[in-house]
Structures are given as structure tokens and as C-alpha cells.
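[1] Coordinates for the following, if possible.
(chains A and B)
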Amino acid sequence: MRKSGWFVGLALAIWVGIARAQNAEIVATVTDQQGKPVSDAVIVAVPSDGNLRLPSRPPENVVDQVDKQFMPNVQVVLVGTPVTFPNNDNVRHQVYSFSPAKRFELPLYAGMPAQPILFDKPGVVVLGCNIHDWMVGFIYVSESPYFAKTGPDGKATLTDLPPRAYILRVWHPQMDVAEETTRKTVEVTRTRPADVGWTLKLKPEVRVRRAPVPDRAGRY
Amino acid sequence: MASTPSSAEWLFDVDVSATYDSNLTRAPSAPDIRPDWATTFDANTGQFIALTGNDGLTLTLNARGELYDRYNGLNVVAIGATAVYRHKFGLGWAAPWAALAANGSYDDYRSDVRTGARFGLRAELGQRFTESFDVVAGVAYDRRYGPHGEAVVPGISGKVFDLTGQSAYFSVGYAINDAWLVGVDGSIRRGDVESTSQQGLAVFLASSAIAEDPAFNDPELYAYRLRGTTSTLGATLSWAFSDRSSLNLHYRYALTHSPQDLEYRSYNTGLVFAYRF
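    Prediction:
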């Protein structure tokens, strides 16, 4: 009995390994109009046949608050993911969102809030803090488990993709066009990674200013 | 996790500036006008206390120093305190807000006639309409005590720096991008003003107090307290080179009308380095 159990385990491990080895990847590159790499761009791949296998309970994710900023500034999660918002500052924050994908408010708190927030609808959720108006962050809630975020080199790798055709999109907080206009269809095979690139026109980043302006009324 | 989560947040900011005032004497005619440069230093420390998600109280201690290039009598060291209560009518940066503020200080001038306490009250309303555009408007009351002026004309007070005024003001800010911000502000103030000039019938008839003013090193000049309406219009160009620091160029024009057709014009311009810890 113990021997047969060992064999079943080994066979399962080999099968999973083979299945993973058979999966493919997409290497995405995002640049701006000047050819500079764009970081924090979200790449989402959706199987063109619409066949999405979502985990029943995605693992919890985190958006931190450090030095009165959201960390990371852009977070990508799968739809259905609970997200906690620990406050690592030594002052209280009041995190909120008005976005249709998730409206919520965490009343003034320090440390760890009591409950995570469940992000149960795909879309972009813009975060703010009612105490520190300059704080802004983004949670991209993906309907597909195949996503990645570009690093400082403007590159992102989507791994463990079953070979098939995918519709890819890119989103960035400063993007000047609708996300849907960035759609590209890519056939992914096991033989080599698929390379996909976008050149985005980015709007200037304008946030509520944090830097001081002397002699202006209304400074908090 | 934070070691000592608190409802209060320490604030510390410093401004250092070089400013030029075209008419420090607030004199009506060219022979009496005295312009000068000053180096100023402002330091504020205190706490911001989030009372609720919508209400905040800021308590600060303020220190200020001004050092003039030519007219050393205007050099001043001031110590004071400010309290600001602010209420936000809703959630988010676009929510309108109202604030009540009180401030007091003791200003110690090298020229004693100017030395004294002052305090002010103000009520403000503001709203940020976009991430880059905000408007603030308010009314203020200011009171300055000038107990050291000695009468030079029998029957007329010498307390020329004993001043009271009420004003209304606005301020508009527009951030061009993350680094650059332009601001426009203006005010109208009615109340007592001080003008230093040579003796004359018009200023004598208009004044409610007269005293010697040694700050300008000219025995011909006397300080007068008048009633007046002062209108100011200013502009600021601010460059943020980090989240905590900025370099700011400002220009502010002031025009005062007083009885007896007296009119005083001045402008003030300067470069301010501001740092917030």
C-alpha cells in the first residue's frame, strides 16, 4: 500500500512537471513614445477561446503603506483575490476607492486593518487616502490568471501559459488610450517564447502635489 | 508594522528666502520710498492630529527671522504658535473643506517701536477640483500690538504699530505637471496701516498716531498710523525637485488707498527654498 502511494505521487509529480514543461511563455516589452522602457505596465493574456481556469480561492495579496505612499504603486491581482492594506507608517491612514470595480473605505486605522477587501470584479481600482491627498495607488483586477507587470526595464514575462491563442492587453496609469485598443492576438507554442511589444503614449503624471508651496493658504 | 502607531503626525518645515520689497516705508512719494533686500528664515514644528477621517487639527510652533541688507532696524526675530482645525465635507481629494485658524506671535524688532505681539484669526473654504487645480478663499482678522511708540505730537497717540485689520483673500493653484505649479493669490484688507514719510499736511490730517521711526536712519522720517484699504495681487511659480522640497519664485503687488487721497504702492518679490521633513 505504501509502495503504490509512493508510485502515484511520483507519477503525479512527473505529470505536473511535464505539463509545466509543455507550457509556454510570453515576453512583453512596453516602451513610451521616446523609446524609454515603461515600468508598472500591466500585461494581461486571455485565451482567445475564453477557456479560463480560475483557482477557486486565489491567495491573499497585499498593498502596503510606507512613507505615506502605497507600495507597490501598481498591484495586479486575479479577480476574487482578498487584499490587505497594512499601514507601516507611524500615522493613521484612511484608505478608500470610488472606482466602479470596487468601492470601499477603511476608516482611520493604524497597523493591520481587521479584514481584507475582496476584489471580486475585474477592472482598475484607484486607491486614495483621505488624510494624505497625494497618496494614490492602483489595483488592476484581472479576469485572467495570466498576467504580469513590467519592471524598470519595461519587460514582463507571462509564464505557465498552456499553448493556444491569447488576446493580450496592456494597461498603465498614465496611458492615453483605452485599454481595449491595445489588444493583440498571439499564438503561443511550446517551442519558444512569444515576444510582444507595445509603444504607449503616456500622459504626464499629475498627482495632488506633496511638495511644499510656501505662503499658500490651505496647507495642512 | 509601525512600532508606535499614533493619531498624531510630526511636522517640521523650513523656508529660507531672499526677498526684495520696493517700498518698505509704504511711502506715497519717491523721496521717502526705501527699498531693501532681506534674508528670511522660517521654521515650523508641530503635530497634525487626525481627529476623525474628516477632521484634523494642526498645532505648530513657529519661529521667524528677517535680516535686512540696509535697514537693520527692521531686523526681527519672532516666536509664535498656530492652530488650524480643518473639516473635510466627504471623502477624497475633491471633497470641499473648511478651516479655522488662529495664530499668535511675539515680534522682537531691533527698532523697538515695532516690537510687540500680534495675533490673527482666519476662516477658509477650499476645494480641489482636479488633481492639479485647487481654490482657497477666506476671511481674516489681524491684530498687532505696538505698545512702544512715544507720542511726538501732544494729543496724538504714538502707538503707530497698534494696528487692526480685516481682510478677504483667495488663492488658486494649478500644477502644470509633477514638478511645476503656478499660483495666483489676491486679497483686500481694510484697517489700520503704517506709513513712514516726511511730515506733511495730508498725512498729518489722515493719521491717528504719529511716532519717530529710527529704522530708516533718517531723522526726517516719521511713522504714521492711517486707515486704509490695501489690495494685493500676487503670483507664485513653484518647482518641486522632490516630494519634500521646492524652490519658489513669488511676486506680489500691493496698492493702499488712505484718506486725503494718499496712495501707497509697493511690490515684493523673492525666491524661497522650502523643505518639509
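
[2] quick one: the helices in the stretch 151-277 of chain B?
    B:201-206 (DSSP state H, counting those that start in this stretch).

[3] Point me to the residue of it nearest chain A.
    B:A240 (3.3 Å; CB to the nearest CB). C-betas here are computed from N, CA, C, even on glycine.

[4] And the contacts of the worst-scoring helix or strand of chain B on mean pLDDT?
    Ranked by mean pLDDT, DSSP states H and E, the weakest helix or strand in chain B is helix B:201-206, scoring a mean of 91. Outside helix B:201-206, the residues within contact range by CB atoms under 8 Å, 6 or more residues apart in numbering or on different chains are B:28, B:195, B:197, B:210, B:224, B:226-227, B:258-262.

[5] Could you restrict the residues you listed to the ones contacting chain A?
    Residues of these in contact with chain A (CB under 8 Å from any CB of the partner chain): none.

[6] How about the residues of chain A by chain B?
    So far as CB under 8 Å from any CB goes, chain A lies against chain B at A:86-92, A:94, A:96, A:98, A:105, A:107-108, A:110-112, A:128, A:130-131, A:133-134, A:204-218, A:220.

[7] Quick one: classify the closest residue to B:D243 other than its chain neighbours as helix, strand or coil.
    Excluding the flanking residues, the one nearest B:D243 by CB to CB, 6 or more residues apart in numbering or on different chains is A:R210, at 4.5 Å. Three-state call for A:R210 (DSSP: H, G, I helix; E, B strand; the rest coil): coil.

[8] quick one, phi/psi of A:R210?
    phi -100, psi -30 (degrees, to the nearest 10).

[9] That one reaches B:S242, doesn't it?
    No. Between A:R210 and B:S242 there is no contact under CB atoms under 8 Å: 9.1 Å.

[10] Now the common contact residues for these two.
    Between them, A:R210 and B:S242 share no contacting residue under CB under 8 Å, 6+ apart.

[11] list the contacts for residue 138?
    Answering for chain A, as no chain was given. A:73-75, A:124-127, A:173.

[12] Chain B was what I was after
    Going by CB under 8 Å, 6+ apart, the list of residues near B:G138 reads A:217, B:99, B:122-125, B:168-170.

[13] measure the closest residue to it other than its chain neighbours to A:V208 for me?
    Counting by CB to CB, 6+ apart, B:G138 lies nearest to B:E124, which is 3.5 Å off, once chain neighbours are set aside. As judged by CB to CB, to the nearest Å, B:E124 and A:V208 stand 18 Å apart.

[14] any idea of the pLDDT on residue 5?
    You didn't pick a chain, so chain A it is. For A:G5, the model assigns a pLDDT of 59.

[15] not quite, I wanted chain B
    45.

[16] in the sheet, who's paired with the residue nearest the centre of chain A?
    Centroid check for chain A by CA atoms, centre = their mean gives A:V76 as the closest residue, at 1.3 Å. Listed by DSSP bridges, the beta-bridge partners for A:V76 are A:Y140.

[17] Over to A:A28?
    For A:A28, the beta-bridge partners are A:A156, A:V196 (DSSP bridges).

[18] ok, it - how many residues close by?
    Counted with other CB atoms under 10 Å in any protein chain shown, residues neighbouring A:A28 total 27.

[19] Thanks a lot, catch you later.
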